[in-house]
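In: Return atomic coordinates for the entry below.
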Amino acid sequence: MKKGLGFLMLSFATAGLFVACDDSSTKANAQATSVHTEADLEACSNELQGESVLVLSTGLYYTCDNGEWTRSASSGGALNTETDDDAQPDELSDVELSSGSSVNSDSTPSTVRPSSSAGGAQDAAQTSSATETGSSSSSEQTAVTSATSVASATEALKEYESSQPFIDEGWRDECLRLANEYRATEGVAPLVFADDSVQWCTVQQAKADAEVDKAHANSRMCGIGAQNTGPRFSTTWKKDASSAVQSFIKMMWEDEKALVTSGEKDPDKSEDYPAIGHYLNMRNAAYTKLACGIYVYDDGKKAWFNMNFYR
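Out: Presented below is the predicted three-dimensional model:
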């Protein structure tokens, strides 16, 4: 996987050893969702059928399928679009960096590194109003259009998320809160929310990624700088979106940072990015804005989480 657009298009750093315990599912306790090496994988029993586990040494996810552990077709990860401007979405599938693992998930969280066009959707919405055209009426019209766009996106978000039982009120606030809580431990300034037009774009992006079953497949869609992804996770893994996001962000930061502090992975080595990309994206002081989006599949059994960073 390339340093910038690894599977997570890669801004997705690897999630560390994370054990998900959910009172509603004894199956979730059967196997840690991440292990150090392939040798640490338990026997692929009937009880583990369909379970996905992240192998930290390789940054890849393995799924228990009919008695054998097989590498998931879609591994999650972190993406940084700013480090590889020439890389295209099609190349991302070759980078199977997965940062983070999800219980009862078919694939791993992934990250994408920053892109030179960071700020994308939000900056684009503000560009015309920030650029002097020599016509006050034109500037005013642009401002009105942008405001209308944001208002429409706000309504779209409310309508969609209120229709999904899994998506609880306040989950996006929790996404921002937790990211900033972790950033504060390293003295990094807090992120603020990108406007609702960008939030809605991130939801649509998650939907588009889910439809092709590929993390970071549409990383350019919202003009992101970097992206962390939690693809194809079961909605029975956690009780609601807030709980799922808490687990994803916790493992993206804590498990991956542990690999850095132990000396096992080096932030300055591109080959280590697949394992620690999620953590690196979240702690990057260059990013000032955040968009969090969750798409719930039509059958309600799975969901897709994208976490986009902007300058």
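In: buried stuff in stretch 151-160?
Out: Neighbour counts over stretch 151-160 (16 or more other CB atoms under 10 Å) mark 153, 156-157, 160 as buried. From N, CA and C alone the C-beta is placed, and that goes for glycine too.
In: To clarify, my last question referred to stretch 281-300.
Out: Under the neighbour-count criterion of 16+ other CB under 10 Å, stretch 281-300 has 281-284, 287-296 buried.
In: Surely residue 199 is within a strand?
Out: No - Residue 199: not assigned to a strand; according to DSSP: H, G, I helix; E, B strand; the rest coil it is helix.
In: which intervals of this protein have sub-threshold pLDDT?
Out: By pLDDT under 70, the weakly predicted segments of the chain are 1-36, 54-61, 71-77, 81-148.
In: at 50 what do you get?
Out: Residues of the chain meeting the criterion pLDDT under 50: 1-32, 73-75, 83-107, 114-145.
In: Name the nearest residue to residue 49, ignoring sequence neighbours.
Out: In space, not counting the residues next to it along the chain, residue 49 is nearest to residue 64; the distance is 5.7 Å by CB to CB, 6 or more residues apart in numbering.
In: residues contacting that neighbour?
Out: Contacts of residue 64 were listed using CB atoms under 8 Å, 6 or more residues apart in numbering, and they are 44-45, 48-53.
In: which residue ranges form the helices in this structure?
Out: In chain order, the chain shows helices spanning 89-92, 120-130, 136-162, 171-184, 196-212, 241-250, 256-261, 273-283, with DSSP state H as the criterion.
In: I'd like these written out as a markdown table, with distance to residue 226 added.
Out: Compiled in a markdown table, those are given as follows (distance: least, CB to CB, whole Å):
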| stretch | distance to residue 226 |
| --- | --- |
| helix 89-92 | 13 |
| helix 120-130 | 12 |
| helix 136-162 | 22 |
| helix 171-184 | 12 |
| helix 196-212 | 13 |
| helix 241-250 | 14 |
| helix 256-261 | 14 |
| helix 273-283 | 4 |
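In: Out of those helices, which is the most enclosed?
Out: By mean neighbour count, with neighbours taken as mean count of other CB atoms under 10 Å, helix 273-283 ranks first of the helices of the chain at a mean of 33.
In: Give the other helices and strands that it contacts.
Out: Packing partners of helix 273-283 (3 or more CB pairs under 8 Å, 6 or more residues apart in numbering; DSSP states H and E): strand 77-81, strand 110-114, helix 171-184, strand 226-234, helix 256-261.
In: Turn the ones you listed into CSV, columns for distance to residue 211.
Out: Rendered in CSV, the data for the helices and strands packed on helix 273-283 read as follows (distance: least, CB to CB, whole Å):
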stretch, distance to residue 211
strand 77-81, 18
strand 110-114, 16
helix 171-184, 22
strand 226-234, 12
helix 256-261, 28
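In: Tell me which of those lies nearest to residue 248.
Out: Nearest of the helices and strands packed on helix 273-283 to residue 248, taken as CB to CB: strand 226-234 at 4.5 Å.
In: tilt between the closest one and helix 273-283?
Out: Our comparison of strand 226-234 with helix 273-283, counting by axes from the mean of the first three to the mean of the last three CA atoms, to 10 degrees, yields an angle of 110 degrees.
In: Can I get strand 226-234 in PDB, CA atoms only?
Out: Once non-C-alpha atoms are left out, strand 226-234 reads as follows in PDB (Å, rounded to 0.1, in the frame of the first residue of the first chain):
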ATOM      1  CA  ALA A 226      -7.000  12.400   5.000                       C
ATOM      2  CA  GLN A 227      -9.400   9.700   5.900                       C
ATOM      3  CA  ASN A 228     -10.000   7.000   8.500                       C
ATOM      4  CA  THR A 229     -12.500   4.400   7.700                       C
ATOM      5  CA  GLY A 230     -14.500   1.700   9.500                       C
ATOM      6  CA  PRO A 231     -15.900  -0.300   6.600                       C
ATOM      7  CA  ARG A 232     -18.700  -2.900   6.600                       C
ATOM      8  CA  PHE A 233     -19.200  -3.300  10.400                       C
ATOM      9  CA  SER A 234     -22.200  -5.100  11.900                       C
END
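In: Kindly state the beta-bridge partners for residue 292.
Out: With DSSP bridges applied, residue 292 shows beta-bridge pairing to residue 307.
In: which residues touch it?
Out: Counting by CB under 8 Å, 6+ apart, residue 292 has contacts 171-172, 175-176, 199, 202, 245, 305-308.
In: Residue 245 now?
Out: By CB under 8 Å, 6+ apart, the contact set of residue 245 is 171, 174-175, 178, 230, 292, 294, 305.
In: about what we covered before: could you dump the buried residues of stretch 281-300 to CSV with distance to residue 212?
Out: Compiled in CSV, the buried residues of stretch 281-300 are given as follows (distance: CB to CB, whole Å):
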residue, distance to residue 212
281, 22
282, 25
283, 29
284, 27
287, 26
288, 30
289, 26
290, 24
291, 20
292, 21
293, 16
294, 17
295, 12
296, 17
